[in-house]
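K.L.:
Sequence first, then the predicted structure, then my questions.
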Amino acid sequence: MLELRHLRTLVALRDAGSLVEAAERVHLTQSALSHQIKDLEERLGSPLFLRKTRPVEFTRAGTRLLTLAEQVLPLVRMAERDLARLAGNEQGRLHMAIECHSCFQWLMPTIDHFRNHWPEVEIDIPGGHHFDPLPALAREQLDLVITADPQPLPGIHYEPLFRYEGLLAVARQHPLAGRPFVTPEALAEETLITYPVEHSRLDVFTQFLDPAGVRPKEVRTAELTIMMMQLVASGRGVCALPNWALTEYLERDYVKAVPLGEKGVWSTLFAAIREETRGAPWMDDFLRTARETSFAVLEGIRPA
């Protein structure tokens, strides 16, 4: 009567808070997910959650199955790892680079969780390298690169992790703070604060300013997100960051955030790996852990 997919569906529904977002997480259409849940409810003879509630309110039967899911799914995951070890597929090396200044918020918990389950895999984040990470991945100097800027390289596979929206952070008293969205032309008289990387790797340029032929009045750089927030809050400029990187500053009312354009600017974050490591149990588990951790700790992201 019960299958693992049912338990995973209920967990996704609880975590996502709606059928639409839960369907995205389990890679089904909303119609297919609704049919799956309705079929299960008919088998059990009981509704599992109250319709038209947000966040989803589960019935006693639904809550009982969620408790079961929390007990069973981690055991299944552990068994899958053990089976991979028994098959002799546990050895590996995971040297990675991060082309994302604000990714450590979800990457560190991912690495900690992964290390506990795969102590045999050598993990490192080399520092001070003076080479492009993606070509280094192809040369086997690295094993994984977190990037939002995929490049076509032979033997390299890009695994989508999640989608995120870029938002413009402005001071609370800034004239743009009250707008429903900002246009590219509105930044022509602004100082834009960015991380010290090429403009061709920044979404605010490639997806927003460049297509409109607009350049900000001035561009200045800052190494750390917290320094960028200090400058923005002081009225020294504006900056575009992923929505999750702004969450704590918005909750403290330190700055305000405005969408880039009427439809927003959405991008996908990828894990770049070599084709030869694709499908390795430890690599699959790392990618799965990265997705699960991201949705657990970040707000406003979507399945890729």
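P.N.:
All right, it came through fine. Keep in mind that this is a model prediction, so the values were computed, not measured.

K.L.:
Strands along the protein, start to end?
P.N.:
49-50, 57-58, 92-98, 121-124, 144-147, 156-170, 191-194, 218-221, 238-242, 256-259, 265-274 (DSSP state E).

K.L.:
so which of the ones you listed gets nearest residue 65?
P.N.:
Minimum separation from residue 65 across these (Cβ to Cβ) falls at strand 57-58, 8.3 Å. To be clear about C-beta, it is placed using only N, CA and C from the backbone, and glycine gets the same treatment.

K.L.:
partners of the closest one, with directions?
P.N.:
Strand pairing for strand 57-58, determined by DSSP bridges: strand 49-50 (antiparallel).

K.L.:
Residues touching the strand it pairs with, excluding its own?
P.N.:
13, 56, 57, 58, 59, 62 (Cβ atoms under 8 Å, 6 or more residues apart in numbering).

K.L.:
re earlier: determine which stretch of the strands of the chain is the most buried.
P.N.:
Mean neighbours per residue, mean count of other Cβ atoms under 10 Å, is largest over the strands of the chain for strand 238-242, with a mean of 25.

K.L.:
all helices for the stretch 151-300 of the chain, in order.
P.N.:
Taking DSSP state H, counting those that start in this stretch, the helices of the stretch 151-300 of the chain run over residues 203, 210-212, 225-233, 243-251, 281-297.

K.L.:
so where's this protein uncertain?
P.N.:
84-91, 127-131 (pLDDT under 70).

K.L.:
Any idea what the most centrally placed residue in it is bridged to?
P.N.:
By Cα atoms, centre = their mean, the chain has its centre lying nearest to residue 162, at 4.1 Å. Taking DSSP bridges as the rule, residue 162 bridges to residue 269.

K.L.:
thought it was touching residue 301?
P.N.:
Yes: taking contacts as Cβ atoms under 8 Å, residue 162 lies within contact range of residue 301: 4.5 Å.

K.L.:
Now for the two: what residues contact both?
P.N.:
294, 295.

K.L.:
Once you drop chain neighbours, what's closest to residue 181?
P.N.:
residue 259 (4.4 Å; Cβ to Cβ, 6 or more residues apart in numbering).

K.L.:
Surely the one you found touches residue 170?
P.N.:
No: contact criterion Cβ under 8 Å: residue 259 and residue 170 do not qualify, at 11.8 Å.

K.L.:
Could you find the closest non-adjacent residue to residue 24?
P.N.:
Nearest to residue 24 is residue 303, by Cβ to Cβ, 6+ apart, at 4.2 Å.

K.L.:
State the number of residues packed around that neighbour.
P.N.:
18 (other Cβ atoms under 10 Å).

K.L.:
isn't it right up against residue 27?
P.N.:
Yes: using Cβ under 8 Å as the test, residue 303 is close enough to residue 27 to be in contact (7.4 Å).

K.L.:
overlap in contacts of the two?
P.N.:
Joint contacts of residue 303 and residue 27 (Cβ under 8 Å, 6+ apart) do not exist.

K.L.:
wait, what's in contact with the closest residue to residue 235 other than its chain neighbours?
P.N.:
Among residues not flanking residue 235 along the chain, residue 171 sits closest, at 4.7 Å (Cβ to Cβ, 6+ apart). By Cβ under 8 Å, 6+ apart, residue 171 lies in contact with 177, 232, 233, 234, 235, 255, 256.
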